[in-house]
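Trainee: Got a sequence here, can you build the structure:
(one chain, ligands or ions: 1)
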Amino acid sequence: MTEVASSVVHEVLGRRVQDVDQPIIDYIINVLADEDFDFGVDGEGVFEFLGELLVGAGCVDDFSECRAACSKLSEKFGKHGLVKAKPTVRSLAVPFRMNDGMDDGEAPKKKPEPTDGPLLTERDRAKLERRKRKEERQREAQYQMHLAEMQAAREGMPVVSVQHDNSGGPAVKDIHMENFNISVGGRDLIVDGSITLSFGRHYGLVGRNGTGKTTFLRHMAMHAIDGIPNNCQILHVEQEVVGDDITALQCVLNSDIERTHLLEEEARLLALQRDLETGDEIGRSNGNLNGAVDKDGISQRLEQIYKRLELIDADSAESRAASILAGEMGNGIGSGGKSKALSFTGLSFSSEMQKRATKTFSGGWRMRIALARALFIEPDLLLLDEPTNHLDLHAVLWLEAYLVKWPKTFIVVSHAREFLNTVVTDIIHLQGQKLTTYKGNYDTFEKTREEQLKNQQKAVEANERARAHMQTFIDKFRYNAKRASLVQSRIKALDRMGHVDQIINDPDYKFEFPTPDDRPGAPIISFR
Ligand SMILES: Nc1ncnc2c1ncn2[C@@H]1O[C@H](COP(=O)(O)OP(=O)(O)OP(=O)(O)O)[C@@H](O)[C@H]1O
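Mentor: Residues are numbered from 1 along each chain as shown. Modelled structure (predicted):
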């Protein structure tokens, strides 16, 4: 069969076959010699299966010549009686219903598909396209459902706010998450993941687009991973603040819930006190002394409130919030960094802007307010997702300097290499559904990875060389009785050896410079 196939191929393709690599010709011959090969009508099967290869390898000049050659190949093989008659499957003009003649009322009626008798292969292709589109729609719907579930769960969670009672040190130190899985819409993003976040370390989370970095942060923020202590305050800066009548400054200050409640109570009690005093005057003029007891109670409570406000340093809160919004360095945070020589304008909210309602700001500026709020809260674990996206260069430099001095743990997802190099102490790499932590900044991570990949490549090559060598020996002496035992031992050794895992690497990085109107700033690393 192979001999016949070989002669037909040489006959049809002619002299050009001589210029084509032998393995390609062997492959073509083997395909055509396969007794199950479907030649299709007029060589259509040959064209579909081998067309591109024939053109690419230079066996024919172009696709039209290729079609003719395929037809000829099919015809010649037919003459040799090697083309088996295969029933040509055509689509039905109208769909065949299995329940025809049965109870019509019960039958699920399907609209007849528009058919004008195309070959099934073309129809199949269209079908495949439709199925793909359907799957994409399903995936999108599942993802939206996942987002809605996350949103609902988020709404049911206690609000992350400024905590004042941690004079004995941070409530939560290291966080150990072990053997957890994360999937979205049936797609596994992290399988059997384990990671330890050491207190005070600054992590950069990197990985190809779509690997699940954002989803991982979301799961952590929702405490949906075992190992995260309940009392750990985790804030994921993902969405801009809601635009309403509250001023930008107040929006930041409101995240100190205790202070806000104390101030509200104080205002209420002072108003009550004023009312009672007015009532007293009226009462005195009527000879009535009622209300003295209430007045004492109010004074006592006010005294408690003032003490607590002092303890939590409520007076300085406003200036702290304002300085974050303006982008000044405060609280000893963020005064260092290599960008010291540049003057910072930071988040750039002037005092006039700080008094404006959040609803008057664009999405980008409301994102800045969300960032300011997170920095003001200083949660146990801060999660930042592409924070530089909404910032101009000055704000990026300011944020870098701020984060360098950040006293607690944070994880930042970013494609900005310089930003990562400046602010992180460790890199978490999400790849192949696994999380791996590397000490050092982004450049160090990249070097370590390169080294690892080189070593892995060497191991793969050494393994393959050794395997090939053994295989050659086996093939050569397979039928040699004298060497049978040697051959056997090599076959066993080959089995034991297995293959070294192929290298899984992220595609190269691509640098992008975003348009200056929305994202002026540092170069962006993205995975091709
Ligand atoms: N809009 C969407 N529709 C359907 N599935 C989605 C959508 N967005 C994300 N997903 C699914 O969730 C997976 C994880 O997305 P996620 O945003 O967490 O990845 P990522 O690593 O943060 O990517 P990127 O760097 O692009 O933000 C995706 O691979 C995809 O399967």
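Trainee: Surely Phe180 forms part of a strand?
Mentor: Yes. Applying DSSP: H, G, I helix; E, B strand; the rest coil, one finds Phe180 inside a strand.
Trainee: Pop out the phi and psi values for Asn254.
Mentor: With angles defined as degrees, to the nearest 10, Asn254 sits at phi -60, psi -20.
Trainee: I'd say it and Thr247 touch.
Mentor: No. Here Asn254 does not reach Thr247: they are 10.0 Å apart, not a contact under C-beta atoms under 8 Å. C-beta coordinates here come from the backbone N, C-alpha and C atoms, glycine included.
Trainee: and the helix or strand hosting Tyr143, what does it pack onto?
Mentor: Tyr143 belongs to helix 120-155 when elements are defined using DSSP states H and E. Packing partners of helix 120-155 (3 or more C-beta pairs under 8 Å, 6 or more residues apart in numbering; DSSP states H and E): strand 175-184.
Trainee: Okay, now the sheet partners of the strand it packs on, with direction.
Mentor: When pairing is defined by DSSP bridges, strand 175-184 lines up against strand 187-197 (antiparallel).
Trainee: Distance from the following helix or strand past the strand it pairs with to the middle of the chain?
Mentor: Sequence order places strand 202-206 as the next helix or strand after strand 187-197, per DSSP H and E. Between the centre of strand 202-206 and the centre of its chain there are 13 Å (C-alpha atoms, centre = their mean, to the nearest Å).
Trainee: hmm, who's touching strand 202-206?
Mentor: 197, 213, 216-217, 403, 406, 409-414, 420, 423-430, 437, 441-442, 445 (C-beta atoms under 8 Å, 6 or more residues apart in numbering).
Trainee: and the residues you listed, which are buried?
Mentor: Buried members of the contacts of strand 202-206, scored by 16 or more other C-beta atoms under 10 Å, are 197, 213, 216-217, 403, 406, 409-414, 420, 423-424, 426-430, 437, 441-442, 445.
Trainee: Looking at these, which are in helices?
Mentor: Judged by DSSP state H, the buried ones among the contacts of strand 202-206 include Lys213, Phe216, Leu217, Leu403, Leu420, Val423, Tyr442, Phe445 as members of helices.
Trainee: Out of the residues you listed, which are close to the ligand?
Mentor: Lys213 (C-beta under 6 Å from any ligand atom).
Trainee: hmm, back to that, next, the angle strand 187-197 makes with the helix holding Tyr143.
Mentor: Per axes from the mean of the first three to the mean of the last three C-alpha atoms, to 10 degrees, the angle that helix 120-155 makes with strand 187-197 is 40 degrees.
Trainee: Can you pull out the low-pLDDT segments for the chain?
Mentor: 1, 23, 36, 82-120, 166-171, 279-293, 329-345, 499-528 (pLDDT under 70).
Trainee: ok, which residues in it are in contact with the ligand?
Mentor: Counting by C-beta under 6 Å from any ligand atom, the chain sits next to the ligand at 139-140, 143, 184, 187, 189, 207, 209-215.
Trainee: Could you identify the most distant pair in those residues?
Mentor: Comparing all pairs in these by C-beta to C-beta, the longest separation belongs to Glu140 and Gly207, at 21.5 Å.
Trainee: between the two, which one's more packed in?
Mentor: Legend: neighbour count by other C-beta atoms under 10 Å for Glu140 and Gly207, higher for Gly207 (21 against 11).
Trainee: List the contacts of the nearest residue to that one once chain neighbours are set aside.
Mentor: In this structure, Gly207 finds its nearest non-sequential neighbour in Leu430, 3.5 Å apart by C-beta to C-beta, 6 or more residues apart in numbering. Leu430 is in contact with Ile190, Leu205, Val206, Gly207, Thr211, Gly212, Lys213, Phe216, counting by C-beta under 8 Å, 6+ apart.
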